[in-house]
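Q: Take a look and give me a structure for this.
(one chain, ligands or ions: 1)
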Amino acid sequence: MSERIEVLRRLQSIDTKLKRLEGDKLYRGYDIQKKQHQIQLKKTELSKISEEIKTFQRNTNSKELDLKSIETEIGKLRQQMNLVKTNKEYSALKTEIGGKEADKSVLEDEILRMMTTYEEMQQRYKSFEKAIAQEESQLKEVQKQVETDIQAMESEIAELKGKRSNYASGVDHDALQHYNRLVSHKDAVAIVSVINQVCQGCFMSVTAQTLNQLMSGKDLTFCHSCGRILYLGDGSEDSNED
Ligand SMILES: [Zn+2]
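A: Here you go, the predicted structure:
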């Protein structure tokens with residue numbers, strides 16, 4: 001295998017790793033975004049619960065006011081009872097008071113039920129608040145971990161880029177240009193082997209002319225179907241060395 005092909009394969013190996021690392025970096029960032037989004041949703045829910053509680057409390061307050069005014073009315077009616085002169089007036093007042101007492105009792109039951117509901121709502125609010133606090137502390141952990149991971153990835157990326165420019169300086173300008181153009185367009189795979197006369201980039205058969213050119217090993221040879229740079233392989237070479 002020509003030295004030029006050797007160098008291009010090393011570049012390819014580095015670029016493949018770089019692409020994977022950049023992808024991983026992005027992916028790690030998504031972990032944080034996902035968690036942040038979940039927390040945001042819960043916070044929206046929490047403020048909804050808070051609004052519900054406020055509305056509910058206003059309703060309860062107004063029922064309590066109703067109760068007070070009924071109590072006042074009953075008090076007034078009772079005073080009137082002391083002043084009435086006829087039986088008829090007396091029994092009319094008694095009926096009226098009875099009706100008010102019944103209303104009062106209904107209201108009292110209602111308020112009691114509302115208070116129970118109110119307590120339940122408060123509980124729900126508190127447990128939601130607690131869950132959010134927990135998630136926020138989890139988020140901090142994740143952020144710390146992601147920061148560490150990303151730092152490690154970045155130093156690996158920097159190291160690979162250093163190696164890359166070393167190799168790049170060892171290959172002729174034309175070949176490098178071809179390679180760079182292909183690697184940025186062909187799913188980051190610019191150079192592939194030909195095994196059993198088949199291009200391992202697009203899995204199309206190569207022509208006899210291409211094969212001859214490959215065997216002569218002088219010029220860069222390109223696949224007629226996918227345009228990638230070709231080299232003759234027997235399947236044993238795994239371009240892991242960088
Ligand atoms: Zn091809």
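
Q: now the helices for the chain?
A: Shown for the chain, the helices assigned by DSSP state H span residues 3-83, 87-168, 173-185, 208-216.

Q: quick check: domain ranges of this protein?
A: The chain breaks down by automatic domain parsing into domains covering 10-168, 173-232.

Q: Please identify the most buried of those.
A: domain 173-232 (a mean of 16; mean count of other C-beta atoms under 10 Å). (Glycine included, C-beta is placed from N, CA and C.)

Q: roughly how far out does that domain sit from the chain middle?
A: Domain 173-232 sits 40 Å away from the centroid of its parent chain (C-alpha atoms, centre = their mean, to the nearest Å).

Q: is the ion contacted by it?
A: Yes. Domain 173-232 is in contact with the ion by C-beta under 5 Å from the ion, via 199, 201, 202, 223, 225, 226.

Q: and of those, the nearest to residue 190?
A: For the residues of domain 173-232 next to the ion, the closest approach to residue 190 (C-beta to C-beta) belongs to residue 201, at 8.8 Å.

Q: got a list of what the nearest residue in space to that closest one that is not next to it in sequence touches?
A: Using C-beta to C-beta, 6 or more residues apart in numbering and skipping the chain neighbours, the partner closest in space to residue 201 is residue 192 (3.8 Å). Shown in contact with residue 192 (C-beta atoms under 8 Å, 6 or more residues apart in numbering): 199, 200, 201, 223, 228, 229, 230, 231.

Q: Output those as TSV; include the columns pLDDT and distance to residue 99.
A: Shown next, in TSV, are the contacts of residue 192 (pLDDT from 0 to 100; distance: C-beta to C-beta, whole Å):
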residue	pLDDT	distance to residue 99
199	96	96
200	95	94
201	94	92
223	96	97
228	96	94
229	96	98
230	96	100
231	95	101
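
Q: Enumerate the residues of this structure near the ion.
A: Residues of the chain found near the ion (C-beta under 5 Å from the ion) are 199, 201, 202, 223, 225, 226.
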